[in-house]
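Peer 1: Sequence first, then the predicted structure:
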Amino acid sequence: MNQNSISPVAPPQPGDVTPFMGYLVDLERSENGVFVNIPINVLNNAGLSNGMNKVEVWRELDGTISFRIATRCEICKRGARLYKLDMGFAKKHICMECYTSLTGNYPSQQPPTNENTIQIEKEQP
């Protein structure tokens with residue numbers, strides 16, 4: 001597979017009959033690992049910068065391979081989904097447990113800018 005040949009991939013549309021929940025993309029396996037061409041709109045707001053990024057990868061027993069951006073809490077140093085906390089003198093990216101222990105509140109449920117998330121637009125009635 002040529003990494004430079006990027007073809008547009010569309011997600012399943014309402015009414016489409018498919019056994020898949022998301023995008024169907026090609027994967028190329030080699031001795032060093034795999035290459036997966038993930039559509040750019042899936043990566044928007046995922047917290048990935050251009051160039052190399054660290055991601056956490058794991059395999060489930062059912063064959064599912066998952067990955068997420070390797071983010072660590074600035075306070076407890078555990079890998080977790082991070083939330084921005086403005087402490088006045090500093091802005092910290094911290095996990096939910098540290099956020100609630102410091103503020104007494106749960107963080108906003110808006111997707112953070114440093115995690116692998118997909119924003120879904122609500123349909124207008």
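Peer 2: That came through, no problem. Numbers count the residues shown, from 1 in each chain.
Peer 1: So which bits of stretch 93-108 are buried?
Peer 2: 93-95, 98-99, 107 (16 or more other CB atoms under 10 Å). To be clear about C-beta, it is placed using only N, CA and C from the backbone, and glycine gets the same treatment.
Peer 1: Can you give me the first-to-last residue distance of it?
Peer 2: One end of stretch 93-108 to the other measures 13 Å (CA to CA, to the nearest Å).
Peer 1: follow-up on the earlier one: among the buried residues of stretch 93-108, which ones are in helices?
Peer 2: Those of the buried residues of stretch 93-108 mapping onto helices are 98-99, per DSSP state H.
Peer 1: Can you add pLDDT and give the buried residues of stretch 93-108 back as JSON lines?
Peer 2: Converted to JSON lines, these look like this (pLDDT from 0 to 100):
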{"residue": "His93", "pLDDT": "88"}
{"residue": "Ile94", "pLDDT": "90"}
{"residue": "Cys95", "pLDDT": "89"}
{"residue": "Cys98", "pLDDT": "93"}
{"residue": "Tyr99", "pLDDT": "93"}
{"residue": "Pro107", "pLDDT": "86"}
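Peer 1: so which of the buried residues of stretch 93-108 comes closest to Pro14?
Peer 2: Closest approach to Pro14 among those (CB to CB): Pro107, at 31.7 Å.
Peer 1: just for the chain, where's the confidence low?
Peer 2: Along the chain, segments meeting pLDDT under 70 span 1-12, 45-47, 109-125.
Peer 1: show me where it has helices.
Peer 2: 40-43, 96-103.
Peer 1: CA atoms of the longest one as CSV?
Peer 2: Extracted as CSV, the C-alpha positions of helix 96-103 are listed here (Å, rounded to 0.1, in the frame of the first residue of the first chain):
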residue,chain,number,x,y,z
MET,A,96,-11.1,13.0,36.0
GLU,A,97,-10.1,11.7,39.5
CYS,A,98,-7.6,14.5,40.0
TYR,A,99,-10.0,17.0,38.6
THR,A,100,-12.8,16.0,41.0
SER,A,101,-10.5,15.8,44.0
LEU,A,102,-9.2,19.3,43.3
THR,A,103,-12.5,21.1,42.3
